[in-house]
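1. Take a look and give me a structure for this.
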Amino acid sequence: MPDSNTSKKKIFISVAIIFGVVGSYLGIFYITQVFLGPLSLADFLISKNTMENHRRDLLKKIQRDAHFKDINAKEYIKELEKIITMEKKRNLGEWVSFKSFTPNVVGQYITTNDYGMRSQWSLKEMVERASKNRDKGIRNIIILGGSVAFGYGAVSDDQTISRVLNQTLKEDRYEVFNLAQGGFTSFMDLFSLSTIGLYLEPDIIIVMEGDADTHHLVYESKGGELAWGLFSGSEKKFDPEFALGFHYQNLGALLRLGTHQNRRVILALQPLSGFENNSTIDKDEKIKIMWDFYPRIREIMRLVAKENGAKFIDLSLIFKDETNASVNFFDKSHLTVTGQRKVAQVFAKTIRNLRDEGPEAVDFFRLREKTIRNILEQDFSEKYKTVEDD
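-> Residues are numbered from 1 along each chain as shown. Alright, predicted model coming up:
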């Protein structure tokens, strides 16, 4: 007859092992939930592997770019990873399929505000500053776009397109506000202009487009989607005709909103490595597919600019005649410090010409404020009927 104490001991050990395994799993699950968000352990391992690959690729780019010779590569990569990883991003709602760059990054090379924009001022401070500018006779410029307009690839905030443009036009009494975010498409630019950009009372709106929208036509989304709005998850997005139509419609709505009340809009096609230039930084077969679609994107942008009274600029052409265009590209779509400076110079020249061409400015923002005050001050008593008047 078996020893009852021995049996109890075996049962106790078995139960302890089961609880140990379950406890370990729950512990791992808890850690991944707390520190990694709603990721599984497999997701975490995949994510870690992805980031390591990204780190290696980024280091190669930095090492081949002479602009980074005096930069602490390790620290620079850390700051870039802060803005591109999904942790702590602002979520503006699933219906727009959007998360911004990481907010509140304050580093040696990169600064983002409370909405992930590349600015030293919070969004509230940007709005307040823009309003004061109008009282001082300073004209406001806003930049919309994706990571290229954000300044991904610059070695510091001061060497981004927006900061170089701001410095160049300072004596002309302009101030530039950068609203660009990584991965922004025409849909998100429209969303950004209507919900944020107009509150900055812009006189000139620069829209840098092309690269992100082309991804809809070229790449299968992995790990998330670019902003399709209400069409997220729809089979329509795989139809090139629909994708181009979606891009066309977004740009049309954006430009109609942008050019209203004498505002001027510059619609700029982003330069692309190897397209109209001799730079093939990343020798990837995918970039060749983008070359096939880019002329179509360009024609859509050219047409919609003409239809809506905007100024179209093909930034592809600014590197066309350079024998060593590779100095302008950080990778297949992002620009080096040199490339960003050249784009800023093109924008500055275009803006100065727009001012000479444009009609006499009317301050519609102040007219709006006056109209609203008049409405609030009016006495509407006895001018309408309520149930108590019977």
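2. so where do the helices sit in this protein?
-> 4-36, 41-64, 73-84, 123-136, 147-150, 161-168, 186-195, 211-218, 240-259, 285-307, 337-357, 364-377 (DSSP state H).
3. among those helices, where is the model least confident on average?
-> Least confident of these, judged by mean pLDDT, is helix 4-36 with a mean of 57.
4. Kindly compare burial across the helices of the chain and name the winner.
-> For the helices of the chain, the largest average neighbour count (mean count of other CB atoms under 10 Å) is found in helix 147-150, namely a mean of 27. The C-beta positions use only the backbone N, C-alpha and C, and glycine is treated the same way.
5. Dump that helix to CSV, restricted to CA.
-> Output in CSV follows, covering the C-alpha atoms of helix 147-150 (Å, rounded to 0.1, in the frame of the first residue of the first chain):
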residue,chain,number,x,y,z
SER,A,147,8.9,62.6,-42.2
VAL,A,148,10.8,64.5,-45.0
ALA,A,149,9.1,67.7,-44.1
PHE,A,150,9.6,66.9,-40.4
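6. Make residue 1 into 18 and carry on from there
-> New numbering, starting at 18: the last item is helix 164-167.
7. and it, what other elements does it pack with?
-> helix 178-185, strand 221-226 (3 or more CB pairs under 8 Å, 6 or more residues apart in numbering; DSSP states H and E).
8. residue nearest the centroid of the protein?
-> Gln198 (1.7 Å; CA atoms, centre = their mean).
9. Just to check, that residue is in contact with Gly163?
-> Yes: using CB atoms under 8 Å, Gln198 is in contact with Gly163, at 6.9 Å.
10. quick one on the thing from earlier: could the helices of the chain be laid out in TSV, adding distance to Tyr401?
-> Formatted as TSV, the helices of the chain follow (distance: least, CB to CB, whole Å):
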stretch	distance to Tyr401
helix 21-53	56
helix 58-81	59
helix 90-101	53
helix 140-153	33
helix 164-167	48
helix 178-185	49
helix 203-212	32
helix 228-235	48
helix 257-276	32
helix 302-324	42
helix 354-374	46
helix 381-394	14
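11. between these, which gets nearest to Ile222?
-> Closest approach to Ile222 among the helices of the chain (CB to CB): helix 257-276, 4.5 Å.
12. Can you spell out which helices and strands pack onto that closest one?
-> Using 3+ CB pairs under 8 Å, 6+ apart: helix 257-276 touches helix 203-212, strand 221-226, helix 228-235, strand 281-286, helix 302-324.
13. Give the other helices and strands that the last one contacts.
-> If contacts are counted by 3+ CB pairs under 8 Å, 6+ apart, helix 302-324 sits against helix 228-235, helix 257-276, strand 281-286, strand 328-331.
14. and the angle from it to strand 221-226?
-> 150 degrees (axes from the mean of the first three to the mean of the last three CA atoms, to 10 degrees).
15. List the contacts of helix 302-324.
-> Helix 302-324 has contacts (CB atoms under 8 Å, 6 or more residues apart in numbering) with 226-227, 230-231, 234-236, 257, 261, 264-265, 268-269, 272, 282, 284, 286, 289-292, 297, 327-329, 331, 333, 349.
16. And the third one, by the same measure?
-> Identification of contacts with helix 228-235 by CB under 8 Å, 6+ apart yields 163, 165, 200-203, 243, 245, 254, 257, 260-261, 263-264, 287, 289, 303, 306-307, 310-311, 314, 350.
17. what is Phe329 paired to in the beta sheet?
-> Assessed by DSSP bridges, Phe329 has beta-bridge partners Leu284.
18. Give the burial count for it, as a bare number.
-> Residues contacting Phe329 under the criterion other CB atoms under 10 Å number 16.
19. need the contact list for it.
-> If you count contacts by CB under 8 Å, 6+ apart, Phe329 has them with 284-286, 318-319, 322-323.
20. again, only this time at 6 Å
-> For Phe329, the contact set (CB atoms under 6 Å, 6 or more residues apart in numbering) comprises 284, 319, 322.
21. Among the residues you listed, which one sits closest to Val363?
-> Using CB to CB, the contacts of Phe329 come closest to Val363 at Leu284, 13.1 Å.
22. For that closest one, list the residues it contacts.
-> Applying CB under 6 Å, 6+ apart, we find Leu284 in contact with 224, 318, 322, 327, 329.
23. Tabulate those in CSV, adding columns for distance to Glu92.
-> Output for the contacts of Leu284, formatted as CSV (distance: CB to CB, whole Å):
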residue, distance to Glu92
Val224, 32
Met318, 37
Ala322, 41
Ala327, 40
Phe329, 39
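24. what's the closest of these to Thr367?
-> Nearest to Thr367 among the contacts of Leu284, with distances taken as CB to CB, is Phe329, at 10.2 Å.
25. Can you check what pLDDT the model gives the closest one?
-> The model's pLDDT for Phe329 equals 97.
26. What distance do you get for the residue nearest to Gln137 when sequence neighbours are not counted to Met318?
-> Leaving out its chain neighbours, the residue that sits closest to Gln137 by CB to CB, 6 or more residues apart in numbering is Thr128, at 5.7 Å. Computed as CB to CB, to the nearest Å, the Thr128 to Met318 distance reads 30 Å.
27. number of nearby residues for Ser251?
-> Taking other CB under 10 Å as the criterion, the count of residues near Ser251 is 12.
28. oh, I was asking about Asp189
-> Count around Asp189 with other CB under 10 Å applied: 12.
29. ok, and the closest non-adjacent residue to it?
-> In space, Asp189 is closest to Arg369, 6.8 Å off (CB to CB, 6+ apart).
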